[in-house]
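A.B. asks: got a structure for you, letters missing:
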């Protein structure tokens, strides 16, 4: 069966996904946010703090921008721990070839988080609970990539 999209090249789309983690005693938890109906795609799916990488902005810089916009946290309230290898995802329906730049951040002020319009819910979960959520594509792979990524001095 042929698709009308098959001849059109996929749009290259770079995005950042930031995994914010907090440590509660022996437990490390990561923040998941549930995407609102007002975002462009993957409504009601769970995700990290994410967004498109803007022109002339490095993924590292975009990561801080998204965290600020979506959680209200300032730079001094988070610490970048790791930068993961890019995870690719092709979405034929959206006609996009996503390049996900994953990051792992330590949250120094988790009680200060105030989500914006992009999220309808947020939860701190243990990383092994990730598979129990309906997430955006490749979220678990992005998390593993961030976890195994280059350590930030």
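C.D. replies: Sure thing, it's come through. The structure presented is a predicted model; accordingly, all values stated were derived computationally and were not measured.
A.B. asks: give me the low-pLDDT residue ranges for this protein?
C.D. replies: 1-7 (pLDDT under 70).
A.B. asks: in stretch 32-40, what counts as buried?
C.D. replies: Buried residues in stretch 32-40, counted by 16 or more other Cβ atoms under 10 Å: 32, 33, 34, 35, 39. The C-beta positions use only the backbone N, C-alpha and C, and glycine is treated the same way.
A.B. asks: Then stretch 125-142?
C.D. replies: For stretch 125-142, by 16+ other Cβ under 10 Å, it's 130, 133, 135, 136, 137, 138, 139, 142.
A.B. asks: Relative to the whole chain's centre, how far out is that stretch?
C.D. replies: 11 Å (Cα atoms, centre = their mean, to the nearest Å).
A.B. asks: contacting residues around that stretch?
C.D. replies: 17, 19, 27-30, 32, 35, 42, 44-48, 50, 84, 87-89, 91, 98, 100, 102, 143, 147 (Cβ atoms under 8 Å, 6 or more residues apart in numbering).
A.B. asks: Which of the buried residues of stretch 32-40 fall in strands?
C.D. replies: 32, 33, 34, 35 (DSSP state E).
A.B. asks: For residue 67, state which of the residues you listed is nearest.
C.D. replies: residue 33 (11.3 Å; Cβ to Cβ).
A.B. asks: need the contact list for the residue at minimal distance from the centre of the chain.
C.D. replies: The structure's the chain has its C-alpha centroid closest to residue 17; by Cα atoms, centre = their mean the separation is 2.4 Å. Counting by Cβ under 8 Å, 6+ apart, residue 17 makes contact with 47, 48, 49, 50, 100, 101, 102, 103, 139, 142, 146.
A.B. asks: can you pull the contacts of residue 111?
C.D. replies: Contacts of residue 111 by Cβ under 8 Å, 6+ apart: none found.
A.B. asks: and what of the one 10 residues further on?
C.D. replies: If you count contacts by Cβ under 8 Å, 6+ apart, residue 121 has them with 33, 34.
A.B. asks: which residues touch the longest helix seen in the chain?
C.D. replies: When the chain is scanned for its longest helix (criterion: DSSP state H), the result is helix 59-71. Residues outside helix 59-71 that contact it (Cβ under 8 Å, 6+ apart): 14, 16, 18, 20, 31, 33, 49-54, 57, 73-75, 78, 80, 83, 101, 103, 105, 113-116, 118-119.
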